[in-house]
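Colleague: A predicted structure for the sequence below; I have some questions about it.
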Amino acid sequence: MAPSATQPDVLPGIQLSTKPVDAMAAMAHRGKALPGIPKFASSAKKRQWQLEHMAGAFRVFAREGYAEGISGHISVRDPEFEDRFWINPLGVHFGMLKASDMICVNLDGDVVDGNMAGSINAAGFQIHSAVHRSRKDVHAICHTHSVHGRAWSAFAKPLDMINQDVCYFYKAHSVYSDYGGIANESSEGERIAESLGDGKAAILMNHGLLTVGETVDEAAFLFCLMERSCKIQLLTDRVELEKNIVSDEEAAYNFKMASTPETLFTEFQPHYQYEDYLCNGNFKK
């Protein structure tokens, strides 16, 4: 995952202190640092918090227009049982999902907790179980068939570092270009996980986008950012002018300062809080 926010290398023309850099503290000028990922006294409390944030992320995705039929899924690893994860039920619109709707399955595909009456997307299970199995550091995964993600995926190319925000994916996203149809077989999920490697995101050719994180908030923010980055890439590629690419040094600096699990969690909180405000916390039930 992302490196810790230690002092980055000095860039040309930039004077930096020799003191360690706290990425979270650096967000606020002369103010109190924003709170980061909370700690919990029990697995039960953390589980409920994760499910609430998972449902909130789905509501955000619904407003962003990422829903497409029965496709798309978010999963969160259970805080107590490493071999289990929670995922959304099949056939329920993102904008209707609540914390109590989520289904808990183990890595063998058995439903073990949560909404026992629901079923899950078979392709979704293959993708998410493969990534959870291969990446112990990943606690949340987002995948949908968003419009601009699908459009850019047709080119099977990584994103160019053409602005500050896309640098959050600098040398941390891959392209899966071995499209094998709907991922109903475990082998397709395993190949996607292998393509992701130790990165934060993958562009799945002819398919869509996939992002991961230590929290569902991190993975969800990265998904929203990657979808918008695909849109920006498509827009800029239409113009017959030379693009200015962020240098490797500057991109690495941006990545180190803004792409830690704590900062990416914090980046998602305004989206989550706005959704909470709009529906009066309905998704937390």
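Modeller: Looks like it arrived, so ask away.

Colleague: can you list the buried residues in stretch 248-268?
Modeller: Neighbour-count burial for stretch 248-268 flags 250-268 (criterion: 16 or more other CB atoms under 10 Å). From N, CA and C alone the C-beta is placed, and that goes for glycine too.

Colleague: now stretch 278-285
Modeller: Phe283, Lys284.

Colleague: just the C-alpha atoms of that stretch, please, in CSV.
Modeller: The C-alpha coordinates for stretch 278-285 follow below in CSV (Å, rounded to 0.1, in the frame of the first residue of the first chain):
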residue,chain,number,x,y,z
LEU,A,278,-29.0,14.1,3.0
CYS,A,279,-30.7,10.9,4.2
ASN,A,280,-30.5,11.6,7.9
GLY,A,281,-28.4,8.5,8.6
ASN,A,282,-30.9,6.1,7.0
PHE,A,283,-28.2,3.9,5.6
LYS,A,284,-26.8,3.1,9.1
LYS,A,285,-29.7,0.9,10.1
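
Colleague: picking that back up, so which of the buried residues of stretch 248-268 sit within helices?
Modeller: Using DSSP state H, the subset of the buried residues of stretch 248-268 located in helices is 250-258, 261-268.

Colleague: got phi/psi on Gly118?
Modeller: phi -90, psi 170 (degrees, to the nearest 10).

Colleague: just Cys142 next, same as before
Modeller: Here Cys142 shows phi and psi, under degrees, to the nearest 10, equal to phi -120, psi 130.

Colleague: burial measure for it, as a count.
Modeller: When neighbours are counted by other CB atoms under 10 Å, Cys142 registers 30.

Colleague: is it true that it touches Phe223?
Modeller: Yes - the criterion here is CB atoms under 8 Å, and Cys142 meets it with Phe223 at 4.2 Å.

Colleague: identify the contacts common to the two.
Modeller: Phe61, Thr211 (CB atoms under 8 Å, 6 or more residues apart in numbering).

Colleague: which residues touch the residue nearest to Pro89 when sequence neighbours are not counted?
Modeller: Closest residue to Pro89 apart from its sequence neighbours, by CB to CB, 6 or more residues apart in numbering: Gly118 at 3.4 Å. Contacts for Gly118 (CB under 8 Å, 6+ apart) come out as Pro89, Leu90, Val92, Asp101, Ile103.

Colleague: looks to me like Val105 is in a strand.
Modeller: Yes - judged by DSSP: H, G, I helix; E, B strand; the rest coil, Val105 forms part of a strand.

Colleague: where in this protein is pLDDT low?
Modeller: Counting by pLDDT under 70, the chain shows low-confidence ranges at 1-22, 24-31, 183-184.

Colleague: residues touching the most centrally placed residue in it, list them.
Modeller: Most central in the chain under CA atoms, centre = their mean is Ala219, positioned 2.0 Å from the mean C-alpha point. Each residue near Ala219 by CB under 8 Å, 6+ apart is listed here: Ala57, Ile74, Ala140, Ile141, Cys142, Thr211, Val212, Gly213.

Colleague: and the two most separated of these?
Modeller: The largest separation in the contacts of Ala219, counting by CB to CB, is between Ala57 and Val212 at 13.1 Å.

Colleague: list residues touching both of those two?
Modeller: Counting by CB under 8 Å, 6+ apart, the residues touching both Ala57 and Val212 are Cys142, Ala219.

Colleague: chain center to stretch 193-211, what's the gap?
Modeller: 11 Å (CA atoms, centre = their mean, to the nearest Å).

Colleague: pull out the buried positions in that stretch.
Modeller: For stretch 193-211, a neighbour-count test (16+ other CB under 10 Å) marks 193, 195-196, 199-205, 207-211 as buried.

Colleague: which ones among those residues lie within strands?
Modeller: Of the positions in the buried residues of stretch 193-211, Ala201, Ala202, Ile203, Leu204, Gly208, Leu209, Leu210, Thr211 sit in strands, assigned by DSSP state E.
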